[in-house]
Structure formats: C-alpha cells, structure tokens
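Chemist: Sequence below, structure please.
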Amino acid sequence: MDPGALQAPLGPESFFDSLGKMPKVPETGGSHRNKSSSVYSLIYTLIPSVLVAFILLSIFVVIRGKLRRLYAPRTFIDVLTEQEKTPREPNTTFAWVKYFTTFEDTDLLNWQSLDAYLYVRFFKIIVVTCFFGFLLVGTVLIPINATGGGGQKQLDILSFSNVKDPKRYWAHAVVAWVFFGFVLFMITRETIFLIHLRQAYLLSPWNSSKISSRTVLFTSVPKPYCNKEKIKNLFDEVKTVWLVEDFKELEDMIEDMDKAALRLEAAEIKLIRNANAERLKMVKDPKKNPDDHDTDHWLAITRRPKHRHDKFNFIWGNRFDTIAHSQENLRKLIPAVKAAQKVRLDGDAKLLGAVFIEFETQSAAQAAYTLVSFNHPERIVPRQVGVHPSEVIWKNLRMSDWEALGRKLLAFTFVLALTIFWGIPVAFIGTISNLTYLSEKYKWLRWLQNLNSKELGLLTGLVPSLLLSFIQSLVPRFYRYIARQSGAVTLSHVELRTQTYFFVFSLIQVFLVTTFSSGATAVIGQIAREPRLAPALLAENLPKASNFYISYFVLYGIAISAEHVFNPLGLFWDVILPRIWPYGTPRESYIKYITLDTPGYGSECAKWANLAVIAISYSCIAPLVLGFATIGFIFIYLAMRYNFFYVFDTEIDTKGAFYAQALQQLTVGIYIAELCLIGLFSTRIHSELSANGPLILMVILFFATILYQYLMRETLTPLTELLPRNLLAETEADYEARVSSESATASNQQHDANNKAKNKTKADTRNDAAASRHPETQPLLQPDHAAREGRTSHRAGSLTHPRRINDIYGHEKYKKAKDNMQRWFAPHSQSPAALAATMHPSLREPVPPYPEDVAKLAFVNPAITREPPTLWIVRDEMRISEREIGECRREVEGLDVRDDGAWLDGKNVVRWDEERLRDMPLWKGRVVY
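Modeler: Sure thing, here's the model as predicted:
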C-alpha cells in the first residue's frame, strides 16, 4: 500500500482513488490486518446477549409470582370471562413452567382469538422452514463452500464468497430449486390451512350468530341512496340499516363535557387529599387532638384547587376555583349534549356517504360484500364484513371520496419519503459493520487499528445490531399514525396498512440498505471508477454482509426474546413509577389495571416477516444464517407464546388477514435470493462457460416462481377473504334444524311435566340411565342458561369424520402418524369440519339473544348514546367526599358522583379495591358484537 496515498488530503477524487487502490475484496475486504473479524463479531454479540438474557430471565422467575398483574394477568383479572382466562397454576416459583408446556397453541383459539393463534403459529412455521432449510442447504453447501478454495477466513469460509470453481455452482442451483420449492409449498400449505381454519372458526355457531358477522360497512354511498328504503330495495334479506350521520359538533361538545367532568373529579380528589394531608400532620401531634369527622373544620383550613382559564396565561392569568368553574361548565354542557343527542336521534343530522347494513343471515352479508352494487365505479363500496363497532374510526367516515383519495396519496408520499431518508442512519449503521476495512484506508480512522480483535468484533457486531434495533422501534408508531390519517375506516384496516408500510420500510432499510451499504463499503472506490461493474462487485461482496445478520439473529433470538418476557418498560411504568409517583385518581389506576397489553399486529408481524425474508434470502449464499435464524426464532416463538397465554389481550380482529398477508410477504425472500444467485452466477459468465448452466436454472426458477405465485394468489386469495356459499348454506340449515329440534324438545318436556311430577325420583333414574346409553339425545343448554352457568354442553355422538361444518360433536383428534403426515403434506384433506371439532364446546353455541335496545343501537355513533362520565372520588375519614358528592349532585343535574371502593391510605395515596373489580363505579360489561 502506498503510504503517500494515505497521507493525502481526502477530497472527493482522492477519496475514491484511495478506495480504488484497495486489494481485491475476496482476499481482504472486510478484514482487520488482513484477517476477518467475523468470529469475534459473533462471539461478542453472543456473550452479551446470553448474559443479558440470563439476567433478565432470572429476575423474571424470581418476581413473577409477586407481580402477577404484570406477568400473568390473564390468569385472574376479572376483565376476562372464565372461559378466556388461562388456567392458574399453584403459586410456586416453577409451577407455571409445567403448565406452560402442557398448553397447546390451539388453546389460544379458545382463550384468545383467531389472530392470536395465527400470530404464534407464524413463528412455528418460520422455525420449521429455517430448520428444514438448514438441514438441506447446510448439509450440502457448507462443505462445498468450506472447500471452495477462495482463501476466505473465519465465518467467510462458509459462504458463497469462498467458492472459486464455478462448476460448484451447480450444487447451489439445485439446492435453491429444492429449498425455494419447499418454501413455496409451506406458504401454499399454510394458506390452505388458514382458509379451512377461517371457515371453521367464522362459521361456528358462536361467531356466525354475532351481529357483527351479519353486518357489512359500505362507503362512498351516493346521497340519493342514503335512504333506508332504497338500501333495502338494493339488497336482499336486509334486517337493519344504520345511516351514518355527521356528529362532529356533538362529538366536540362531548369532548368538552368529558374534560370538564374529569377536571372536576381531579379537583375534588385534590381537595380531599389536601385536607387529609393536614389531618395526617395533626394526628402526629398528640397536643392538637383533631376531630376526624369535623368536615367544616377541615374544609376551612384546606386550600381549594384553582386553575387559570386561559392556557396561554399560565403564569399571570386570573385564577378560578376549579370545582365551582367545572360545575358551572357541566351545568351548561350536560343539558346541551342531551338536547343535541335527542335532536340527532330523531334523524335531524347531515347524512354521510357510509352505511352499516345488518342482514338476516351470514350468507346474505357475504353475498352483499361480493356484489357489484352500483353502475359507477367506486360507489357503494363494501369496505369490511364482520366489523366490530369498537373498531370503527367514526371521524374517518366523514371524509369525502376526494379527501380520502388525497390523504391516501399523501400517506404514500410520506411513507416513501421516510423510507428513503431513513436510509441515511441505516446506511451509517451498515458502514459500522465494515469499519475493519475502512480503518486501513483513512487516516482519521487509524485509531481503530489500536483495538484488538475482540474489541473490534464487539464494535462491528453488537453495536450495529443494537443501533438498528433501536431506530427500527421508532418507526411503527409513525406508520400507524399515517395509516390512521390516510382514511382507513376501521382499526383492523389501520393494522393491515401498517403491516404493508412497515414491511416495505423494513425490507428496504433494515435489509437491503444495510446489506448493500455493508457490502458496498469495500468496493465503493471501484464502483466510482467503473460503474458498469457495480452489480458484479456488489454480488461478490454481499455474502460477507451475512455476518452482520448472524449477529442480528443472535441479538433478537436471545436478548430481545428475553426482553419481551421480562418487559422492562412495563416493569418501570406499571410497578416502579407508580411507587415513586402514585396515581392521582382512582380512575387512572383503574384504567391502567384493566387495560391489558395488546400486540400491534401490523408492525410486529412485518418486523418478523422481514427477519424471515433475510434468512431465506441468505439461505444459499451463507447457509449458516439459517441455523442461527432457526435458533433465534425458537426463542422468539417461546417468548411470544408465553405473552399470548399469560399477558396479551386481543382487541383488533383481522380474521386472519394479517397472516395471509405475512405469508405472501415471505415470497419476497425467495425473489431476492434468486436475483442474488443470478447476479453471483453472472459474474463468471464471460470467463467461465461452466457457470452458464446454473445461471440458466436460476433464471428458469425465477420466472417459475412468478408464475406459481400468480396462480396461487388467483386461486386462494378469494378464499382467504370470503366464506364459501356452500358451507354458509350448510351452517344455516344445521342451525335452523337445531333450533327446530330444541323447540320440539322443549315442547315435549312441557307436555310431560305433569307425568314427571308424579314420580320424579323414578323418572330421574330412568332419564339418567338413558342419558348414559345415548348421550347424543340430550338437549343443548339454552344460550342464556349456558352463559349464566359459564359452561356449555356438547354431544358425544359417533366418532366418524364429520362432513358438515357443524357436525362436530364427539369428533376425536387424529393421533396416528399416518394421519399427521397426511395433514402436513396434504392440508386440503383436513376439512373445516375436522378443524371445528378441535375447538372449544362454547364455540358450538350461539351468543345469547341481544336485548332489543342493544341490537337497535349496535352501529349507531357512540356520541348518540354517550352519558356524562361517572365521577369517582375517594372516601375519607373527614367525610368530605360525602359532602362533595351531595353538593355536585345538587349543583349539576344528571351528574353521578360516587366514592365506592376508593380510599386514601396512611401515606395519603389513592387506593381502590382491586378484588371487587366488577363492583367499581367505572365497571362496564362487555357486549359480544
């Protein structure tokens, strides 16, 4: 190397010239003193990761039993029904491990939701794919790469870059055909499984009887058709029509009412706490001997809460008595809100171009969802079937067609801009992983040569992995906000758009930019001198970038999975911070207590899908990546499995749509891998004719993959979004037959009531004997009885394979290896009815009948039925709460103020009775829509 070149000023020309004088990459690219640091990068990522994981998991095991609200809320919290709760293990340190290992993933269908089960299953599928890939690709290609004679060192010797003889590329091409074919098989298999599972789950009596399953949301409805009679004439079997009205003014009034009510609540509690603080001071002084029940005395010596009305004059503005001012505002707002609600409930409001339609049957709703309803494009567009009222984003329904289109374009522009400009910090991180080479070329990085190989391995392995994980965690909240503002009308649509946005971002920034910046660092000088050689130079150096992702999988698989279980942020916000800074009101503590963590399906699934794409992309280039990906995803699977069984709750229902989208995203990894192999093979096409054969094979495979995916999507996509009409008809016929049978049974029981009364003991004995011989003849519990009993019954009929979706009673799971193999390699052979047979008996019963008022207002804007908030203050020894409750009720008509179940402890901290959760003033039962 020319010393003078290193001493020259680094202007643009000398910068590229010095890079251009580098030795060939296969010998020295990415080395430190001509030696690869890839092993040290791996070791010094692995050791800290294992150490951090051991510490976190050790602390978790010790404190789990003491912090059950944080680490196992699903075992006891009364927000969940008994059916939804995870079985609670004995209160010992390791008893939960035994219980956890006995749970099956399918239990999530019974205790959580379809999405929860599919989310956990996604990790299992990735593990199976990577494990099979490592067995196949690793067994064949690692020995071929290791003996390739390319002169690489350490982990680079196991990658494609160490293969010198192009004749060995045949092995890579053949293995690529087999492995990528297996990946396509897995995607197809899981898509078919998803189709059958959706059909079994969504056609179950419990789900199909829900009002949401029979309701379709339409948007872009022309004004002439915003009429209930015209809507009923347009569709068949219409039961209820909810026209969406513009309630912006009412919503603003309700927002002001809520703010005033919550300000009053906080002020009342502050007044009581201030008085109690004075009382506690006097209690410590025996000479003062205060009277705890002298309310007038304590109010007289306590300063009343005050605030400045103008938020911009928070220093010198006028101060108002908060309690009196809030009461005055509520005296005006509550009657105004009720009057506005009455006017709009009578239909005097501006209609928007959206409508919810409830149909008589689920099949009628599905038919309307697929129907072309209008002769003009983008009119009366079915947006979602099976939408839950709590998922509707009502303010987005106010958008006009043009506004929604404009927002969507702006959102796309913002996503594109963020994805592009985010590449600057990501590229910098990719460059850090190649500092070993840059330290030899630039004087200002010479100090890195003073580091030993271990320190340099830590710097180029762990540091970039941590930085990339950190900046990646900042992006999802931006994309979720963008998706919400882009016109998505339901929360499930927001998550699906977030999944698309974030996957594209992760693919470009976390994978492609990092990979190419890491590989391009060593060859940027040659590219600047001869741009036409850029594809070949980058293709030759891409295998070495895999060392970064080996460290990345180690970090995510070991440290990040342990962090997901330990939940340090939750520990800080839910346990540590409240002890330092206690909650000011029982409402704050109550809401925090009843709100379980929820996974962000959109951002999380996109992140894991991108990691799977990385593993698939590097499978034939650096097979070792598949091995570490397998280990990493096993730990991630276990961490997510624990969280879904014990911690997470599911609020958003995509009905498996995110899973179908994630499976299709995996094909991106196949395309990238095929293009990389084509690029690598093409670098030798002019000098080595023996490379032509593998190149031709990969080109054929590339176009075959495109054709296969097109056919697969055309064939299977409709079934992942819709329910087939034949199964819908069978389900409804079965349901009607059951209703008739149960009605006849009830009639016969009533007819025989007198006879049974004559000899009750004898009859009971005879009926019990008959039931034991013919259990299939016993009537099902009525829905309301089943709900009240907290259980359901099921028939124990024949053990033959069910043919119809609801012929599921008594069906046994297949246990034979032959049947397991058949279900694995021929998923289409397992019918939806067979899957339905494995589900909880409660899914075989319809939901209890809806009260008339609940059904009538199911899809009415919540602003119409919104009541003034119930104020929840704390009870005290001085009886101030009693006086304040009476005063508030006198001053503000229609305002409910209560102090049940909340008090101040000896340290003047707000407490409430967590054991009586459902008796608290803020408790509201859930309606299964």
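Chemist: isn't Val337 right next to Leu250, touching?
Modeler: Yes. Val337 lies in contact with Leu250 (C-beta atoms under 8 Å); the separation is 7.1 Å. Where you see a C-beta, it was placed from the backbone N, CA and C, and this is true even at glycine.
Chemist: Just give the nearest non-adjacent residue to Ala340, would you?
Modeler: Excluding the flanking residues, the one nearest Ala340 by C-beta to C-beta, 6 or more residues apart in numbering is Leu250, at 4.9 Å.
Chemist: Now the one you found: which helix or strand?
Modeler: Per DSSP states H and E: Leu250 is located in helix 248-283.
Chemist: and that helix, what other elements does it pack with?
Modeler: helix 295-300, helix 322-345, helix 586-594, helix 862-865, strand 871-872, helix 880-891, strand 902-904 (3 or more C-beta pairs under 8 Å, 6 or more residues apart in numbering; DSSP states H and E).
Chemist: Return the most buried member of these.
Modeler: Among the helices and strands packed on helix 248-283, ranked by average contacts under mean count of other C-beta atoms under 10 Å, first place goes to strand 871-872 (a mean of 24).
Chemist: Just checking: what are the partner strands of it?
Modeler: The strands beside strand 871-872 in its sheet (DSSP bridges) come out as strand 897-898 (parallel).
Chemist: what mean pLDDT would you report for the strand it pairs with?
Modeler: Summarised as a single mean, pLDDT over strand 897-898 is 93.
Chemist: Now do that strand: everything it contacts.
Modeler: Contacting residues not belonging to strand 897-898 are listed as Glu268, Thr870, Leu871, Trp872, Ile873, Glu884, Ile885, Cys888, Arg889, Pro921 [C-beta atoms under 8 Å, 6 or more residues apart in numbering].
Chemist: Off-centre distance for it?
Modeler: Distance of strand 897-898 from its chain centroid, counting by C-alpha atoms, centre = their mean, to the nearest Å, is 37 Å.
Chemist: Contact partners for Lys592?
Modeler: Here Lys592 is in contact with Asp574, Tyr583 (C-beta under 8 Å, 6+ apart).
Chemist: where does the most centrally placed residue in the chain sit relative to Leu118, distance-wise?
Modeler: By C-alpha atoms, centre = their mean, the chain has its centre lying nearest to Tyr601, at 2.2 Å. Per C-beta to C-beta, to the nearest Å, Tyr601 is found 9 Å from Leu118.
Chemist: what's the overlap in contacts for the two?
Modeler: Residues touching both Tyr601 and Leu118 (C-beta under 8 Å, 6+ apart) are Phe658.
Chemist: Quick check: the residue nearest to the centre of the chain touching Ile652?
Modeler: Yes. With contacts counted by C-beta under 8 Å, Tyr601 reaches Ile652, the gap being 6.7 Å.
Chemist: Between these two, which contacts overlap?
Modeler: In contact with both Tyr601 and Ile652: Asp115, Glu495, using C-beta under 8 Å, 6+ apart.
Chemist: Endpoints of stretch 370-380, how far apart?
Modeler: 12 Å (C-alpha to C-alpha, to the nearest Å).
Chemist: Could you do stretch 660-672 as well?
Modeler: The first and final residues of stretch 660-672 sit 20 Å from each other (C-alpha to C-alpha).
Chemist: residues in contact with that stretch?
Modeler: Residues outside stretch 660-672 that contact it (C-beta under 8 Å, 6+ apart): 122, 180, 183-184, 187, 190-191, 194, 496, 499-500, 503, 507, 605-606, 608-610, 612-617, 702, 705, 709, 713, 717, 720.
Chemist: and it, how far from the chain's centre?
Modeler: Remark: stretch 660-672 is offset 19 Å from the chain centroid, using C-alpha atoms, centre = their mean.
Chemist: so for that stretch, what's the average pLDDT?
Modeler: Mean predicted lDDT for stretch 660-672 stands at 95.
Chemist: Quick check: can you list the domain ranges of the chain?
Modeler: Here the domain parsing of the chain from automatic domain parsing is 3-63+103-205+410-568+600-721, 793-844.
Chemist: In terms of mean pLDDT, which of those ranks lowest?
Modeler: For the domains of the chain, mean pLDDT drops lowest on domain 793-844, to a mean of 51.
Chemist: Show me the helices in the stretch 551-700 of the chain, by range?
Modeler: Per DSSP state H, counting those that start in this stretch, the stretch 551-700 of the chain carries helices over the ranges 561-566, 568-571, 577-580, 586-594, 601-617, 624-646, 657-665, 667-682, 692-721.
Chemist: ranking those helices by burial, who's on top?
Modeler: Most buried of these, by mean neighbour count (mean count of other C-beta under 10 Å): helix 601-617, with a mean of 25.
Chemist: Show me what that helix is packed up against.
Modeler: helix 114-133, helix 453-485, helix 491-505, helix 534-554, helix 624-646, helix 657-665, helix 667-682.
Chemist: would you turn those into JSON lines with distance to Asn329?
Modeler: Formatted as JSON lines, the helices and strands packed on helix 601-617 follow (distance: least, C-beta to C-beta, whole Å):
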{"stretch": "helix 114-133", "distance to Asn329": "42"}
{"stretch": "helix 453-485", "distance to Asn329": "30"}
{"stretch": "helix 491-505", "distance to Asn329": "32"}
{"stretch": "helix 534-554", "distance to Asn329": "55"}
{"stretch": "helix 624-646", "distance to Asn329": "43"}
{"stretch": "helix 657-665", "distance to Asn329": "43"}
{"stretch": "helix 667-682", "distance to Asn329": "55"}
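Chemist: and Ala427, how many residues sit next to it?
Modeler: Neighbourhood size, Ala427 [other C-beta atoms under 10 Å]: 17.
Chemist: should've said Glu915
Modeler: 8.
Chemist: what sits against the residue nearest to Leu330 when sequence neighbours are not counted?
Modeler: Spatial nearest neighbour of Leu330, excluding adjacent residues (C-beta to C-beta, 6+ apart): Val892 at 4.7 Å. Shown in contact with Val892 (C-beta under 8 Å, 6+ apart): Gln327, Leu330, Arg331, Ile334.
Chemist: How about Gly627?
Modeler: Gly627 neighbours (C-beta under 8 Å, 6+ apart): Phe134, Gly138.
Chemist: in terms of contact, does Gln112 touch Lys85 like I think?
Modeler: No. The pair Gln112 and Lys85 does not pass the contact test of C-beta under 8 Å, sitting 10.8 Å apart.
Chemist: higher neighbour count, these two?
Modeler: Shown here are Gln112 and Lys85; by other C-beta under 10 Å, Gln112 has more neighbours (21 against 16).
Chemist: Once you drop chain neighbours, what's closest to the more buried one?
Modeler: Thr650 (5.5 Å).
Chemist: hang on, isn't the one you found packed against Tyr117?
Modeler: No. Thr650 is not in contact with Tyr117 according to C-beta under 8 Å; the separation is 9.8 Å.
Chemist: out of these two, which sits in the busier spot?
Modeler: Tyr117 (23 against 20).
Chemist: quick one on the thing from earlier: JSON lines please, covering the contacts of strand 897-898 and showing pLDDT and distance to Pro222.
Modeler: Formatted as JSON lines, the contacts of strand 897-898 follow (pLDDT from 0 to 100; distance: C-beta to C-beta, whole Å):
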{"residue": "Glu268", "pLDDT": "92", "distance to Pro222": "50"}
{"residue": "Thr870", "pLDDT": "93", "distance to Pro222": "42"}
{"residue": "Leu871", "pLDDT": "94", "distance to Pro222": "45"}
{"residue": "Trp872", "pLDDT": "94", "distance to Pro222": "46"}
{"residue": "Ile873", "pLDDT": "92", "distance to Pro222": "51"}
{"residue": "Glu884", "pLDDT": "89", "distance to Pro222": "53"}
{"residue": "Ile885", "pLDDT": "91", "distance to Pro222": "52"}
{"residue": "Cys888", "pLDDT": "91", "distance to Pro222": "48"}
{"residue": "Arg889", "pLDDT": "91", "distance to Pro222": "49"}
{"residue": "Pro921", "pLDDT": "92", "distance to Pro222": "46"}
